[in-house]
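Colleague: structural data only, the sequence is not supplied:
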């Protein structure tokens, strides 16, 4: 039996396809793959394909010239892979992160506009002009006029404007509380959250953009590989 396989081993080497999982091994087995010229795009397509964890079965000794005939993936498999890559919701993910970034980045500007529609803001403007004690409390609390439109702080702002007893308690709390001992300012948590969202979303935007570019290149490579696949 051993003699039988030994006798037919040259024939087996010819007809059995070879499997490759990286470009360098393929190029070593088929030196013409690395030659530049009119088929250089095929070399790039193969590199991208391998970079995306693809593997090839090629027909050894197929006489295909620059590139060996590709046995696997066949055109049906390439179509499946194309659909998988194209259906990834990377563009939607990028859109959502950009939305978060610009919302946080422009939050102060939007709040300055929105506060104009809040009646408590105009009450504050009037009191700030005529009431010296109110003006002093507003400065002590480091209250911000944008709080009038802020989802988290608008109730506090309204109470501060309308209720003098609440206003005095709040100023006293800020003066004496350990929480505000370093930074006697309201809304610090909101500012930190905003900065965190800006930093995080900025990183995610870069990450998504890079992944989209890689996906586009992957799609291109899969389409190029179709021309190497034997019918």
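Modeller: Alright, I've got the coordinates. Because the structure is a prediction, the values reported are computed rather than measured.

Colleague: tell me, how many residues neighbour the residue nearest to residue 149 when sequence neighbours are not counted?
Modeller: Distances taken as C-beta to C-beta, 6 or more residues apart in numbering place residue 114 nearest to residue 149, at 3.7 Å, with adjacent residues excluded. All C-beta spots, glycine's among them, are computed from the backbone N, C-alpha and C. Residues lying near residue 114 (other C-beta atoms under 10 Å) number 15.

Colleague: from residue 166, how far out is residue 114?
Modeller: 23 Å (C-beta to C-beta, to the nearest Å).

Colleague: cool, and residue 123?
Modeller: 14 Å.

Colleague: kindly report the same for residue 147.
Modeller: On the measure of C-beta to C-beta, residue 147 and residue 166 end up 14 Å apart.

Colleague: who has more neighbours, the two?
Modeller: With neighbours defined as other C-beta under 10 Å, residue 147 and residue 166 compare such that residue 147 has more, 25 against 14.

Colleague: now the top helix by length along the chain: buried residues?
Modeller: The longest helix of the chain (DSSP state H) is helix 188-225. By neighbour count on 16 or more other C-beta atoms under 10 Å, the buried set for helix 188-225 is 190, 194, 197-198, 201-202, 204-205, 208, 215, 217-218, 221-222, 224-225.

Colleague: out of those, who's nearest residue 49?
Modeller: residue 221 (5.0 Å; C-beta to C-beta).

Colleague: work out for me the element the closest residue to the closest one other than its chain neighbours sits within.
Modeller: Excluding its sequence neighbours, the residue lying closest to residue 221 (C-beta to C-beta, 6+ apart) is residue 48, at 3.7 Å. Residue 48 is part of helix 40-51 when elements are defined by DSSP states H and E.
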